[in-house]
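Colleague: have a look at this fold, sequence not included:
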């Protein structure tokens with residue numbers, strides 16, 4: 001998911017074109033992660049091992065970029081250390097671990113659609129904690145999102161539902177909501193790439209330590225990974241997770257958000273859901289039911305309404 005900023009100015013045509021290109025690249029890169037992780041888990045990897053390798057590889061690639069962009073301003077890091085730690089533990093490690101656990105129990109697209117109800121959760125949190133009463137568009141969007149969530153779970157048809165998977169997906173939704181809230185703090189002067197790299201570094205270290213002491217089940221294998229119609233060596237999805245679905249995804253997401261602004265950028269971030277559905281269909285053979293497609297459309301429409309209902313910056 002791309003880092004969100006509060007920039008609401010209309011971008012120039014050249015910046016708009018570049019921003020859209022980066023947004024599509026980021027959505028496709030992020031959307032591939034669940035499918036790759038499911039392939040690894042089917043081959044014997046635990047969710048903790050898959051997400052740790054992903055985050056550590058991403059950190060190794062992004063930290064040098066962040067160091068260059070800091071230009072020696074290490075005081076920024078010290079002043080924002082609490083933000084970076086919270087971002088790494090909740091928005092990066094917690095969110096991704098929950099999402100990978102969710103896709104081990106349910107379809108990739110369903111897990112991601114549940115996670116993408118995060119904007120609705122943010123509306124409720126702001127209303128309860130800061131008394132920011134939502135407008136009509138926001139309430140309509142929240143209603144769409146909740147109805148869509150009900151349909152995505154396909155409860156009416158009597159289909160078997162993984163309660164564990166739902167709980168993990170809801171935990172990922174909380175992590176995603178935290179991600180959006182923490183990413184929106186841009187008045188601290190901390191570059192987005194530094195926040196992303198710092199969060200990946202903190203998250204990777206925390207997960208590695210948790211696996212080393214046995215808090216998280218950490219199992220990785222060198223068995224071939226089987227997708228629909230073909231088999232690859234284990235290192236292919238691992239490197240793709242780290243290089244494409246993490247490092248490239250974050251860099252492209254940050255570039256998109258800087259050029260498009262938060263409102264337009266968040267709309268195009270929804271392409272991640274479409275990308276995840278396509279990758280899961282092509283690589284895993286996971287085809288959602290018609291009612292789930294309708295529910296997914298309602299969730300995405302709800303997110304759009306919620307975003308349209310946000311107050312514009314002065």
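Modeller: Received the coordinates, thanks. Given the structure is predicted, the values throughout are model-derived calculations rather than measurements. Numbering: from 1, shown residues only.

Colleague: C-alpha only now, for contacts and for neighbours.
Modeller: Noted.

Colleague: show me where pLDDT drops low in the stretch 1-150 of the chain?
Modeller: Low-confidence segments of the stretch 1-150 of the chain (pLDDT under 70): 1-13.

Colleague: 80 instead, please
Modeller: Low-confidence segments of the stretch 1-150 of the chain (pLDDT under 80): 1-16, 119-134, 138, 150.

Colleague: which phi and psi values does the nearest residue to residue 224 once chain neighbours are set aside adopt?
Modeller: Excluding the flanking residues, the one nearest residue 224 by Cα to Cα, 6 or more residues apart in numbering is residue 233, at 4.7 Å. Dihedral angles of residue 233 (phi, psi; degrees, to the nearest 10) stand at phi -70, psi 150.

Colleague: give the contact list for residue 233.
Modeller: Counting by Cα atoms under 8 Å, 6 or more residues apart in numbering, residue 233 makes contact with 222-225.

Colleague: closest to residue 294 out of those residues?
Modeller: residue 225 (31.7 Å; Cα to Cα).

Colleague: what packs against the particular helix or strand that has residue 121 in it?
Modeller: Take DSSP states H and E as the rule and residue 121 turns out to sit in helix 118-130. In terms of contacts (3 or more Cα pairs under 8 Å, 6 or more residues apart in numbering; DSSP states H and E), helix 118-130 is packed against helix 136-152, helix 163-183, helix 290-308.

Colleague: check the offset of that helix from the chain's centre.
Modeller: 18 Å (Cα atoms, centre = their mean, to the nearest Å).

Colleague: and the angle for it with helix 290-308?
Modeller: Orientation check (axes from the mean of the first three to the mean of the last three Cα atoms, to 10 degrees): helix 118-130 against helix 290-308 gives 50 degrees.

Colleague: any idea where the strands of the stretch 151-300 of the chain begin and end?
Modeller: 225-227, 230-232 (DSSP state E, counting those that start in this stretch).
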